[in-house]
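Asks: Have a look; sequence and predicted model below, questions after that.
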Amino acid sequence: MGKGAIMDPRLLIISKRMEGVKAVVPVMSPKGGVGKTLIASSLALAFAERGRRVGLLDLDVTNASSHIVLGVRLSELKPIEEKGLVPPLVNGVKFMTIGYYSCGNPLPLRGGDIDEVIKEMLATVIWSQLDLLLIDTPPGISDEVLDVISYVSEPRPLIVTTSSKLSIASIEKLLKILTESRVKAIGVVENMVVSEESAIKDLVDRYGVEVIGRIPYDPFIERSIGDVRILKSTSFFSKVMNLADKVLMRLSL
Ligand SMILES: Nc1ncnc2c1ncn2[C@@H]1O[C@H](COP(=O)(O)OP(=O)(O)OP(=O)(O)O)[C@@H](O)[C@H]1O
Ligand SMILES: [Mg+2]
């Protein structure tokens, strides 16, 4: 920060709010539609299933969608206001989304406004004690992604990609930014795979990160979206449970 610049006091509040959170895992990929939301929401359920105290924060503020996976009716559930916002518990997950307030209406925010909303959400939500806080991020290397790695101390991103060259080229950019920012990814998940062979092995070797999950394309996943009971019975979810165990092992949680 330049000489004479005033630090936003919310940054101090954010670190206070995160004091009881053992690990923050943003789920990231610059490429859209690779499965970040489905994986972040399912991972949160998997950690809860493993008896961990878990939170899920949807930071895709202009297009929040984790609630759709979890089957949350936004008009029926609200955080409790108590010198901050206490997120409701959904299937064992403390779940926070701006959708509680926008209720499915579009939020056409520009860069500076998005940064404000993110700072406000990070500074206002009371997570108390958590083993893990998962953050669903939007596609792109934009405000949400840059804000998370600069406002949260020691984030451990989980990077999601498909096997497509288009997605792989974009995660290389993210890996470069993380390396420059000295942020250590927890690992990479190759999602919607249709072949036994990993398409990302060379890339992850070059950046010293590990592939910690390979999730096959599941043509039946759509019917489970919005119904947690069905979601938990899918082969997709059993792969997510394996992924959750690897994350817990890596974080020693
Ligand atoms: N393993 C899978 N098998 C089949 N379909 C999948 C799988 N993973 C994700 N999908 C589907 O791919 C689509 C995109 O998933 P999702 O919305 O989670 O991606 P995203 O990366 O969060 O997208 P965005 O970048 O727009 O936020 C959804 O329809 C989802 O159900
Ligand atoms: Mg998404």
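Replies: It's in. Ligands and ions are numbered 1, 2, ... in the order given.

Asks: in a strand, that's where Ala23 is, yeah?
Replies: Yes: Ala23: assigned to a strand according to DSSP: H, G, I helix; E, B strand; the rest coil.

Asks: got the contact list for it?
Replies: Ala23 is in contact with Asp131, Leu132, Leu133, Arg156, Leu251, Leu253, counting by Cβ atoms under 8 Å, 6 or more residues apart in numbering. (C-beta placed from N, C-alpha, C; glycine too.)

Asks: Repeat the analysis, applying 7 Å as the threshold.
Replies: Ala23 makes contacts with Asp131, Leu132, Arg156, Leu251, Leu253, as judged by Cβ atoms under 7 Å, 6 or more residues apart in numbering.

Asks: How about Val69: what's its closest non-neighbour residue?
Replies: Take Val69 and drop its neighbours on the chain: the residue closest to it by Cβ to Cβ, 6 or more residues apart in numbering is Ser41, 3.9 Å away.

Asks: For the one you found, give me its contacts.
Replies: Ser41 sits next to Leu56, Ser66, Val69, Leu70 when contact means Cβ under 7 Å, 6+ apart.

Asks: Which one of the residues you listed is nearest to ligand 2?
Replies: Ligand 2 lies nearest to Ser66 out of the contacts of Ser41, by Cβ to the ion, at 7.7 Å.

Asks: close enough to count as contact, the closest one and Leu56?
Replies: Yes: contact criterion Cβ atoms under 7 Å: Ser66 and Leu56 qualify, at 6.2 Å.

Asks: which residues are common contacts for these two?
Replies: Joint contacts of Ser66 and Leu56 (Cβ under 7 Å, 6+ apart) are Ala40, Ser41, Asp136.

Asks: where does the residue in the chain positioned nearest to ligand 2 land on pLDDT?
Replies: Residue nearest to ligand 2 within the chain: Thr37 (3.3 Å; Cβ to the ion). Per-residue confidence (pLDDT) for Thr37: 98.

Asks: returning to that earlier point: so which of the contacts of Ser41 also contact ligand 1?
Replies: Near ligand 1, judged by Cβ under 6 Å from any ligand atom, there are no entries from these.

Asks: Which of those residues fall in strands?
Replies: Per DSSP state E, strands hold the following members of these: Leu56.

Asks: Show me which of the contacts of Ser41 is closest to ligand 1.
Replies: Checking the contacts of Ser41 against ligand 1 with Cβ to the nearest ligand atom, the nearest one is Val69 at 7.4 Å.

Asks: The residue of the chain closest to ligand 2: neighbour count?
Replies: When neighbours are defined as other Cβ atoms under 10 Å, Thr37 has 24 of them.

Asks: element containing it?
Replies: helix 36-49 (DSSP states H and E).

Asks: CA atoms only: put that helix into PDB for me.
Replies: The C-alpha coordinates for helix 36-49 follow below in PDB (Å, rounded to 0.1, in the frame of the first residue of the first chain):
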ATOM      1  CA  LYS A  36     -16.800 -25.800  -9.900                       C
ATOM      2  CA  THR A  37     -20.200 -25.300  -8.400                       C
ATOM      3  CA  LEU A  38     -21.300 -28.900  -8.500                       C
ATOM      4  CA  ILE A  39     -17.900 -30.000  -7.000                       C
ATOM      5  CA  ALA A  40     -17.800 -27.200  -4.400                       C
ATOM      6  CA  SER A  41     -21.400 -27.900  -3.200                       C
ATOM      7  CA  SER A  42     -20.900 -31.700  -3.200                       C
ATOM      8  CA  LEU A  43     -17.500 -31.500  -1.500                       C
ATOM      9  CA  ALA A  44     -19.200 -29.400   1.300                       C
ATOM     10  CA  LEU A  45     -21.700 -32.200   1.800                       C
ATOM     11  CA  ALA A  46     -18.900 -34.800   1.700                       C
ATOM     12  CA  PHE A  47     -17.000 -33.000   4.500                       C
ATOM     13  CA  ALA A  48     -20.200 -32.800   6.600                       C
ATOM     14  CA  GLU A  49     -20.600 -36.500   6.000                       C
END
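
Asks: Thanks a lot, see you next time.
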